[in-house]
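just to be clear, the model below is a prediction. Sequence and coordinates:
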Amino acid sequence: MSTSFSKIAVLAVLSSAVALTTGCATKRATSEVVVAPLGIPSGQAGYNGAVIVDNSSAVVTGAENLQAVVYFAFDSSEITSQAANVLNQHASLLSSNPNAGVVIAGHTDERGSREYNIALGERRAQAARNYLAAQGVAVNNVRVISYGEERPAATGTTEEAYAQNRRAELSY
């Protein structure tokens, strides 16, 4: 019995020594989350679709008459009936202009980690893209990007401000 105990004790000490000397992988000081494509110049005050999407003036003019923002519930990427109404108008514009492109930028409020919010913004933009695709819009003409909490539409920590920031914006 004592030899079993000695072997177990020796194994425990060796295991602890290995764990202490090898440790965990070191965490990098910077995040590897990509917030925006490289095509957007740094220092640009607000995103406009002209950097990524090149549409005819007729498409841009047609888009100016449409609501360009859809909103989401807290921690959700589900398309609401209000969002569907807005996206249906964009689907109509894009279907009647098969060469037109659109960028959908996903946004979140400030609650949650930066990484989580980038992922949630991506899910929101993808949900809008998938909705447009279900309406017959060519997926190749729709680009998505996530800004997470980085570009709030409203400042403050009220529910009203948070609601304005939980959105996806369509740009032509």
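Cool, got the structure. Numbers count the residues shown, from 1 in each chain.

so what touches stretch 64-78?
Contact with stretch 64-78 is made by 79-80, 82-83, 86-87, 89-90, 93, 109, 112, 120, 123-124, 126-128, 153, 162-164, 166-171, as judged by C-beta atoms under 8 Å, 6 or more residues apart in numbering. C-beta coordinates here come from the backbone N, C-alpha and C atoms, glycine included.

oh, that last question was meant for stretch 125-136, not what I typed.
70, 77-79, 83-84, 87-88, 90-91, 94-95, 102, 104-106, 139, 142, 144-146, 168, 170.

still on that earlier bit, narrow the contacts of stretch 64-78 to those that are buried.
Buried subset of the contacts of stretch 64-78 (neighbour count, 16 or more other C-beta atoms under 10 Å): 79, 83, 86-87, 89-90, 93, 109, 120, 123-124, 126-128, 162-164, 166-171.

which parts of this structure are strands?
Using DSSP state E, the strands found in the chain span residues 69-71, 102-107, 142-148, 167-171.

hmm, back to that, so of the buried ones among the contacts of stretch 64-78, which ones are in helices?
83, 86-87, 89-90, 93, 120, 123-124, 126-128, 162-164 (DSSP state H).

how about residue 99, nearest residue that isn't a chain neighbour?
Once flanking residues are discounted, residue 99 sits nearest to residue 141: 7.5 Å by C-beta to C-beta, 6 or more residues apart in numbering.

is it true that that neighbour touches residue 104?
No. With contact defined as C-beta atoms under 8 Å, residue 141 and residue 104 do not form a contacting pair (11.1 Å).

of these two, who's got more company?
Taking neighbours as other C-beta atoms under 10 Å, residue 141 and residue 104 compare with residue 104 leading, 26 against 17.

pLDDT at the more buried one, what is it?
For residue 104, the model assigns a pLDDT of 97.

what sits against residue 154?
Taking C-beta under 8 Å, 6+ apart as the criterion, residue 154 is in contact with 160-161, 164-165.

make JSON lines from these and add pLDDT to it.
Formatted as JSON lines, the entries for the contacts of residue 154 read as follows, by pLDDT from 0 to 100:
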{"residue": "160", "pLDDT": "96"}
{"residue": "161", "pLDDT": "97"}
{"residue": "164", "pLDDT": "97"}
{"residue": "165", "pLDDT": "98"}
